[in-house]
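*Asks:* Task: produce atomic coordinates for the following.
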Amino acid sequence: MDFHAYVDTAQKNVDFWRAVFRTAVIPIDLLHRAKRLKTRWHLLVLSEDWCGDAVNTVPVVARFVEDVSVLDARVLSRDKNPDLMSHHLTSRTRSIPVVVALDDAFAARGWWGPRPSKLQRWVRSDGLLLPKDERYRRTRAWYARDRGRTTHRRGRGNAGEGGACQG
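*Replies:* Just a heads-up that it's a prediction; the model follows:
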């Protein structure tokens, strides 16, 4: 499904998915670079609607894709695609979201996930000292302040660090 169809079928966080998409701002320099691409690129996004990291990053990726004509993206359920997920484990976990970049021949060229490295370092250190609800509140505040900038700037920024939504 494309992003909008995915959100239309979501059972959790629907308003939040739409709000993050609506307010996402793509850096102009990134848009200019992406619009110079000569070939088509495809993004496969592994996600689940209950995942707080996904709801904060996937809409930002979707906004970027919508603004660049040579990009397209499809969102797949992590739980319904265990074979694909098994190739993109993070610290041996099924952490999401995961964004896989495919070239115009659909060959995998890289992947990113599950959350920005800077946030992941905080979660794996100071964040672990907090109760889960407080850790999530601060994580959400970090995403709100960041507004997707780190997600766009880092690309494959933290593949392999683990620990986002594992469910």
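*Asks:* need the contact list for residue 76.
*Replies:* By CB atoms under 8 Å, 6 or more residues apart in numbering, the contact list for residue 76 reads 1, 44-47, 84. All C-beta spots, glycine's among them, are computed from the backbone N, C-alpha and C.
*Asks:* Check residue 143 too.
*Replies:* Listed by CB under 8 Å, 6+ apart, the contact set of residue 143 reads 56-57, 119.
*Asks:* Return the set of buried residues in stretch 57-68.
*Replies:* 57-66, 68 (16 or more other CB atoms under 10 Å).
*Asks:* Residue 144 in helix, strand or coil?
*Replies:* Here residue 144 is helix, with the state taken from DSSP: H, G, I helix; E, B strand; the rest coil.
*Asks:* Quick check: pLDDT value at it.
*Replies:* Residue 144 carries a pLDDT value of 87.
*Asks:* quick one: it and residue 23, what's the gap?
*Replies:* As judged by CB to CB, to the nearest Å, residue 144 and residue 23 stand 9 Å apart.
*Asks:* can you tell me how far the residue located most distally from the centre of the chain sits from residue 135?
*Replies:* No residue in the chain sits farther from the centre than residue 129, which is 25.0 Å out by CA atoms, centre = their mean. Residue 129 sits at a distance of 9 Å from residue 135 (criterion: CB to CB).
*Asks:* what does residue 13 give?
*Replies:* 17 Å.
*Asks:* again with residue 21
*Replies:* 24 Å.
*Asks:* Looking at the two, which is more packed in?
*Replies:* residue 21 (19 against 16; other CB atoms under 10 Å).
*Asks:* so what's that one up against?
*Replies:* 3, 7, 59-60, 62-63.
*Asks:* Assign a three-state SS to the closest residue to it other than its chain neighbours, would you?
*Replies:* If the residues on either side of it in the chain are set aside, residue 21 comes closest to residue 59, at 3.7 Å by CB to CB, 6 or more residues apart in numbering. Of the three states, residue 59 takes helix according to three-state DSSP.
*Asks:* How confident was the prediction at residue 59?
*Replies:* Residue 59 is given a pLDDT of 95.
*Asks:* how about the strand or helix carrying residue 119: buried residues?
*Replies:* Using DSSP states H and E, residue 119 maps to helix 117-124. Neighbour-count burial for helix 117-124 flags 119-120, 122-123 (criterion: 16+ other CB under 10 Å).
*Asks:* Repeat that for stretch 105-121.
*Replies:* 111-116, 119-120.
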